[in-house]
Structure formats: C-alpha cells, structure tokens
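Participant: Could you work out the structure for the sequence below:
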Amino acid sequence: MGQGTGGNLILIGFSFTGKSAVGKCAASRLKWKFVDTDEEIVRVAGKPIPEIFARDGEARFREMEREVLERVCSKTRTVISTGGGAVLDGRNREIMHKGGVVVRLEATPETIHKRLLAEAERSSNPVIRPLLSGEDPKQRIKSLKAFRQPFYDLASDWVVHTDSLTPDQVCDRVIKAHKRGPNPKRVQHAELAAASELQSPYCPEAGASFVVNAASQSYPVFVGWGVLADLGCRVEQVGLSGTAYVIGDENVCSIYASRAKEALKQAGFQVDAMTVPAGEASKSLETASRIYDWLVERRAERAHVIVSLGGGMVGDLAGFIAATFLRGMPLVHVPTSLLAMVDAGIGGKVAVNHTKGKNLIGAFYQPRLVLMDVETLTTLPRREMASGWAEVIKHAMIADGTLFEFLESNVRALMKLDKKLTTAAVLRSGAIKAGVVSRDEKEKGERISLNFGHTIAHGLEAASNYERFLHGEAVAIGMLGEAMISQRLGLLDADSVERLRKLLIKFELPVGCAGVATKDVLAAMKVDKKVKDKKVRWVLVPETGKYLVRDDVPLSLVRDVIRDLKAK
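Facilitator: Next up, the predicted model:
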C-alpha cells in the first residue's frame with residue numbers, strides 16, 4: 001500500500017460531504033481506528049463545539065483543533081475525519097501531509113444543502129444551525145465553499161466526488177485513492193510554514209495575502225500593486241454574481257470608478273455606480289437614505305453586491321448600506337486610502353455618525369472579500385497619506401515592536417511610496433488587524449486594543465464637529481496623549497513616548513491640538529463606545545508592541561494631558 005511519511009487516511013471536505021460516514025466505513029474495512037477530530041475536540045473540552053465558540057472563542061477552538069490533529073496524525077493505521085475549516089490554517093495542512101494521504105470528499109452546494117436539510121429534519125444537531133442561518137442558506141454554503149476551495153485544493157492528494165454515489169461506493173474510491181499514496185504534485189509547504197508566523201492564516205498559493213477568520217464569516221484579503229484589474233474575478237471566486245453596485249465618493253470615483261466597473265463587467269457583472277460628496281459629513285443617515293432610494297429605484301436584490309470604493313468614510317457608509325438594505329447584501333471592500341486599507345476595510349465595523357458622536361449608529365457586518373491595490377495610494381493627497389500612517393503606527397505600538405522599528409528605519413521610502421516596502425507595510429499592518437478580528441470579532445476582549453489613541457481622538461473629532469482633523473490626525477494626537485497617560489501612570493518609560501512623538505512628526509502627523517476646548521473633548525468621551533458602566537476603558541501601552549486596558553484613569557490626569565496636548 002502506497003503511503004506517505006505517515007500511513008493514515010485523512011479525509012477533508014466541506015460539511016455534509018460524508019467524511020464521518022465514509023471514514024467509519026473505511027476504518028471498518030481496513031480494520032483501522034477511526035477518529036473524528038470534531039468529536040475528539042468535544043471529548044477533550046467536555047462541551048459541544050458551539051459552546052466552545054461562545055465561551056472560549058474561535059481562536060481557542062482552532063488551537064484545540066490543531067492540537068488534536070497533530071496528536072492523531074502522529075499515529076499510524078488511523079482513518080481521520082477533519083472539520084470543514086481545518087484546512088484554512090497552513091500549519092494544519094502541513095500536519096496532514098506529514099501524517100498520511102489526504103483525500104478530499106467533494107459535493108456541489110446543492111447536494112450539501114439537500115443533505116443538510118435532511119439532517120436538520122432528523123436531528124437537533126447545533127452544528128447545522130449556523131449553515132442554515134440567514135435568508136439564503138444555499139448561497140451562504142456556495143460562497144463559503146467557494147472561499148475555502150483553494151485551501152482544499154492545497155491540502156488534498158486525491159478527490160472523490162460524492163454527489164451520485166452511495167457511502168459504500170465512496171468508501172471504495174477513498175480506499176483506492178489511499179493505496180495510490182501521496183500525490184507527487186503535492187504543494188510543498190515550507191514557505192507556508194514560515195509565513196504562519198503572521199497573526200492570521202496566510203496562503204500565497206491561493207492568491208490571498210491573508211485571511212480574516214471571524215466567527216460569523218471567513219474572507220480573503222488581497223494586497224498588491226496594480227491589482228484593481230483583478231476585482232471582477234476575485235468577486236466571482238467567492239461565489240458572487242449578478243449585479244454590483246459601486247458606491248464611492250466624488251474624488252475617488254473620478255479616478256478609479258471606470259477601472260473598477262470594467263473589471264467587474266469583464267467577469268460578467270452588471271454594474272451601476274453612485275457617488276457621494278467626499279468628506280465625513282456624508283457618513284450620515286441622510287446620505288444612507290438617499291442611497292436606499294437609489295437602490296429601490298434600481299430594484300436591487302438581496303443577492304446583488306455592494307462594492308465600496310474609497311476611503312474609510314465610504315467603507316463605513318457602504319458597509320452600513322449592505323448590512324441594512326434588504327436585511328443584508330453581500331459586501332466587497334476596495335479601499336483606496338492607506339487608513340482604509342489597514343483599518344476600516346478590515347474587521348466588519350460599519351456605521352454612520354450621529355451629531356453626538358462618531359460611529360454611534362452601526363453594526364458588525366463582515367465583507368465577502370477585501371481587495372487592496374496599493375498603487376491607488378499614488379493619487380492620495382499627501383495629508384490623507386499621512387493620516388493613514390497613524391493607523392500603521394498604532395498597530396506597531398500595540399502589537400509589533402519589529403514593525404515599529406521597520407517604520408522608523410524606512411520613513412523616507414514609505415513616504416515616497418516605495419512599491420515593495422509600502423506593500424509590505426500595508427500587508428503586515430493589515431494582517432495584525434485581521435488576526436485581532438479573527439480572535440475577537442465583536443470587541444468582547446482583545447479587539448479593544450485597536451482603540452489605542454481613539455478615546456482622545458474621537459473626543460477631538462466630536463469637539464471640532466469632524467471638520468478640523470482627519471481621522472488619522474486625531475488618532476496620532478490621541479496616541480501621543482494615551483502614551484503620556486501610560487507614562488504618568490508609571491507604565492511606559494519617557495524614551496518610548498519620545499520615540500512615538502518623533503515618529504509621528506516624521507510621518508507629518510500632528511502631535512498637538514491647540515484651540516480645542518478641553519471640556520468639549522471630555523464631554524464627547526462620555527458617550528464613546530468604549531464606555532462601560534459609565535467608566536472609560538483606556539487602551540494603554542506598557543512598552544512598544546504591547547497593550548493593556550484600564551478603567552481607573554483619573555479624570556484629572558486626562559484633563560492635564562489634554563491641556564498639555566493643547567500647548568504643543
């Protein structure tokens with residue numbers, strides 16, 4: 001019998017392709033042991049998978065999944081049935097390849113949907129409910145399967161299509177595939193294993209720069225120079241089709257709307273576009289209402305696609321539309337500003353502003369994919385570019401001291417948009433955020449770290465009626481202020497505060513806010529989203545690359561820091 005470095009038979013595939021039933025059949029015929037990794041996780045954890053997700057988070061589930069997979073693949077003469085999403089992690093695929101021959105069970109989305117409905121009638125299996133949730137479960141299966149397909153392709157040695165076969169017939173073919181041994185053309189994973197140090201799964205072979213694995217949805221993020229022409233095929237690859245509605249502001253659409261529309265048309269989409277005035281004032285319920293009217297006039301359908309083309313304001317606004325119109329439409333982000341690429345375009349926060357505060361009316365709504373053409377930054381105004389670097393610096397401050405050093409060493413090249421270095425910075429910064437979002441989608445824990453600098457920033461923006469500061473400029477001032485608070489609480493040394501101040505200045509960002517009323521900033525903080533039990537939760541930094549959260553910062557200290565910022 002042909003076998004790889006391990007003699008096991010490993011079954012992969014989407015839910016309801018028959019892995020468990022076929023695996024038990026194959027184990028019986030081979031007189032081997034059978035292990036279902038999901039069942040093993042439940043046994044080890046002592047609770048069902050939905051409860052693990054709810055109480056411990058997806059990150060803990062994926063950690064347990066890898067531990068179980070590594071343990072069972074180290075054995076021999078075992079048939080192993082894996083969870084549907086196990087292949088998304090490159091380390092898991094490497095474990096499988098070392099452990100035996102990997103056979104993928106395939107079925108069409110229609111077959112999977114039928115099997116799923118039949119199982120739902122027979123049992124109350126809680127694993128079924130997420131796939132059946134929403135208005136169009138068949139489309140959800142189709143899009144999720146389309147997204148996972150490149151990862152299944154990477155992992156599998158051989159494929160067995162199960163649609164028209166009985167379990168016994170599938171079992172026959174699976175055993176024959178196993179006897180053939182590993183596929184000689186199997187993808188080597190040395191590069192993938194090295195890339196797994198990124199904080200989110202990374203799959204260059206599949207074309208995605210990194211992946212957001214949020215609890216509600218997984219989606220790829222594509223980062224590259226000159227990749228806007230790929231928009232249509234990328235949208236098609238995640239299972240979307242039909243009509244696309246491009247929403248952008250007047251400045252961006254005048255440059256890039258025609259290219260985006262042509263790329264979508266080349267992939268067979270019908271395309272329409274709407275522009276809104278540039279600026280934060282457009283992120284309002286009034287603008288949203290006008291877009292709703294526009295979509296109604298065009299008889300937009302739930303399966304049609306909303307494409308946001310532009311900066312953070314457009315992403316938030318178009319995302320809010322996608323989340324609310326017809327109770328949810330597929331969303332694709334094409335961020336064209338640096339700030340949107342590394343922050344607003346990733347993570348699924350969508351919102352419009354209220355007169356009393358920024359982003360107070362919104363939702364968590366993940367896109368189906370994000371495409372970042374770094375070349376679009378070449379037409380970004382210099383001030384907008386500087387604003388975006390604030391968010392990159394923020395990610396370095398809370399999560400990656402090495403990135404901070406990279407920024408310090410390459411300021412000039414990055415400000416000149418060196419193709420290689422800028423793309424690397426965008427990718428790394430975006431991957432940091434993707435990792436945080438994957439582990440904490442709805443800000444119940446770690447995701448609050450992304451608010452470093454934002455408590456003061458949102459206060460500054462509201463106090464100046466969103467007219468004086470660009471968002472990144474306010475974040476830059478906020479970061480320095482919150483670093484100063486960290487220092488005065490004895491958490492951060494003075495040298496680190498000074499390094500941050502100098503780096504902000506080199507990236508042409510403000511470090512002071514003269515003329516803003518302190519009382520107005522403090523008043524705006526009271527309605528900030530980070531307030532809990534009437535206490536402001538501050539994200540502070542004990543050192544570059546790390547963060548902590550405190551809700552006991554004295555108001556007098558905050559007032560003093562804001563006054564010091566006003567004096568700079």
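
Participant: Got the domain ranges for this structure?
Facilitator: Using automatic domain parsing, the domain ranges for the chain come out as 8-195, 204-435, 452-567.

Participant: Quick one: distance of the second one to the chain centre.
Facilitator: Once both centres are worked out by CA atoms, centre = their mean, to the nearest Å, domain 204-435 turns out to sit 12 Å from its chain's centre.

Participant: Flag every buried residue along the host helix or strand of Glu262.
Facilitator: In the assignment (DSSP states H and E), Glu262 maps to helix 250-266. Of the residues in helix 250-266, 251-253, 256-257, 260-261, 263-264 count as buried by neighbour count, 16 or more other CB atoms under 10 Å. The C-beta positions use only the backbone N, C-alpha and C, and glycine is treated the same way.

Participant: Can you tell me which of those residues is closest to Gly545?
Facilitator: Set against Gly545, the nearest of the buried residues of helix 250-266 by CB to CB is Val252 (33.3 Å).

Participant: quick one: the closest one and Leu369, what's the gap?
Facilitator: 19 Å (CB to CB, to the nearest Å).

Participant: Ser496 too?
Facilitator: For Ser496, the distance to Leu369 - CB to CB - is 37 Å.

Participant: what do you get for Glu297?
Facilitator: In terms of CB to CB, Glu297 sits 27 Å off from Leu369.

Participant: the more surrounded of those two?
Facilitator: Leu369 (24 against 8; other CB atoms under 10 Å).

Participant: Angles on the backbone of that one, please.
Facilitator: Leu369 adopts backbone torsions of phi -160, psi 160, taken as degrees, to the nearest 10.

Participant: Next up, the contacts around it.
Facilitator: Contacts for Leu369 were tallied using CB atoms under 8 Å, 6 or more residues apart in numbering; they are 147, 219-222, 234-235, 238, 332-333.

Participant: ok, back up a step: so which of the domains of the chain gets nearest Gly445?
Facilitator: domain 8-195 (7.6 Å).

Participant: what does the average pLDDT come to for that closest one?
Facilitator: Mean pLDDT, domain 8-195: 83.

Participant: Now do it: distance to the chain's middle.
Facilitator: Its chain's C-alpha centre and that of domain 8-195 lie 23 Å apart, by CA atoms, centre = their mean.

Participant: repeat for stretch 430-447
Facilitator: 8 Å.

Participant: Dihedrals phi and psi, the nearest residue to His161 once chain neighbours are set aside?
Facilitator: Spatially, and ignoring its direct neighbours in sequence, His161 is nearest to Glu106 (4.7 Å; CB to CB, 6 or more residues apart in numbering). With angles defined as degrees, to the nearest 10, Glu106 sits at phi -110, psi 150.

Participant: pretty sure Ala474 contacts Ala463?
Facilitator: No: between Ala474 and Ala463 there is no contact under CB atoms under 8 Å: 9.9 Å.

Participant: These two - which one has more neighbours?
Facilitator: More crowded of Ala474 and Ala463, by other CB under 10 Å: Ala474, with 29 against 23.

Participant: now, of the domains of the chain, which is deepest in the fold?
Facilitator: Across those, averaging neighbours per residue (mean count of other CB atoms under 10 Å) puts domain 204-435 on top, at a mean of 20.

Participant: what mean pLDDT does it have?
Facilitator: Mean predicted confidence for domain 204-435 is 92.

Participant: Quick check: end-to-end length of stretch 96-114?
Facilitator: Start and end residues of stretch 96-114 are separated by 29 Å (CA to CA, to the nearest Å).

Participant: How about stretch 541-551?
Facilitator: From its first residue to its last, stretch 541-551 covers 14 Å (CA to CA).

Participant: Just give me how far that stretch sits from the chain centre.
Facilitator: 23 Å.

Participant: got the phi/psi numbers for the most centrally placed residue in the chain?
Facilitator: Nearest residue to the geometric centre of the chain (CA atoms, centre = their mean): Val212, 3.1 Å. Val212 has phi and psi values of phi -90, psi 120 when expressed as degrees, to the nearest 10.

Participant: any idea how far the residue nearest to it when sequence neighbours are not counted is from Ala399?
Facilitator: Using CB to CB, 6+ apart and skipping residues adjacent in sequence, the residue nearest Val212 is Ala434, 4.6 Å away. Distance of Ala434 to Ala399, computed by CB to CB: 12 Å.

Participant: can you check Gly319 too?
Facilitator: In this view, Gly319 and Ala399 are 24 Å apart by CB to CB.

Participant: shouldn't Lys142 be in contact with Ala107?
Facilitator: No: using CB under 8 Å, Lys142 is not in contact with Ala107; the gap is 11.9 Å.

Participant: If you count contacts, what does the helix or strand encompassing Arg91 end up packed against?
Facilitator: Per DSSP H and E, Arg91 falls inside helix 90-99. Helix 90-99 sits against strand 8-12, helix 58-73, helix 137-155, helix 190-195, with contacts defined as 3 or more CB pairs under 8 Å, 6 or more residues apart in numbering; DSSP states H and E.

Participant: Tell me which stretches of the stretch 351-500 of the chain form strands.
Facilitator: For the stretch 351-500 of the chain, applying DSSP state E, counting those that start in this stretch gives strands covering 357-364, 369-373.

Participant: oh sorry, the question was meant for the stretch 151-300 of the chain
Facilitator: Under DSSP E, counting those that start in this stretch, the stretch 151-300 of the chain gives strands at 158-161, 210-213, 218-224, 243-249, 270-276.

Participant: what's next to the first one, contact-wise?
Facilitator: Just to be clear, that refers to strand 158-161. 101-107, 170, 173-174, 177, 180, 183.

Participant: Just the CA atoms of it, as CSV, please.
Facilitator: What follows is strand 158-161 as a C-alpha-only set of coordinates in CSV (Å, rounded to 0.1, in the frame of the first residue of the first chain):
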residue,chain,number,x,y,z
TRP,A,158,-6.8,13.0,-4.3
VAL,A,159,-10.5,13.9,-4.8
VAL,A,160,-13.7,11.8,-4.7
HIS,A,161,-17.0,13.3,-5.8
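
Participant: In its sheet, which strands sit next to it, and in what direction?
Facilitator: strand 100-106 (parallel) (DSSP bridges).

Participant: I figured Ala524 hits Gly459, correct?
Facilitator: Yes: contact between Ala524 and Gly459 holds when scored by CB under 8 Å: they sit 4.2 Å apart.

Participant: how much space is there between Gly18 and Arg29?
Facilitator: Applying CB to CB to Gly18 and Arg29 gives a distance of 15 Å.

Participant: what do you get for Arg91?
Facilitator: 31 Å.

Participant: just Ala21 next, same as before
Facilitator: 13 Å.

Participant: what's the answer for Asp400, then?
Facilitator: Noted for Asp400: a distance of 50 Å to Arg29, by CB to CB.

Participant: and if you look at Ile485?
Facilitator: 66 Å.

Participant: swap in Leu522?
Facilitator: Going from Leu522 to Arg29 by CB to CB gives 72 Å.

Participant: what does Val370 give?
Facilitator: 45 Å.

Participant: One more: Gly226?
Facilitator: 53 Å.

Participant: Let me know whether Ala107 touches Thr17 as I believe.
Facilitator: Yes: in this structure, Ala107 is within contact of Thr17 by CB under 8 Å, at 4.7 Å.
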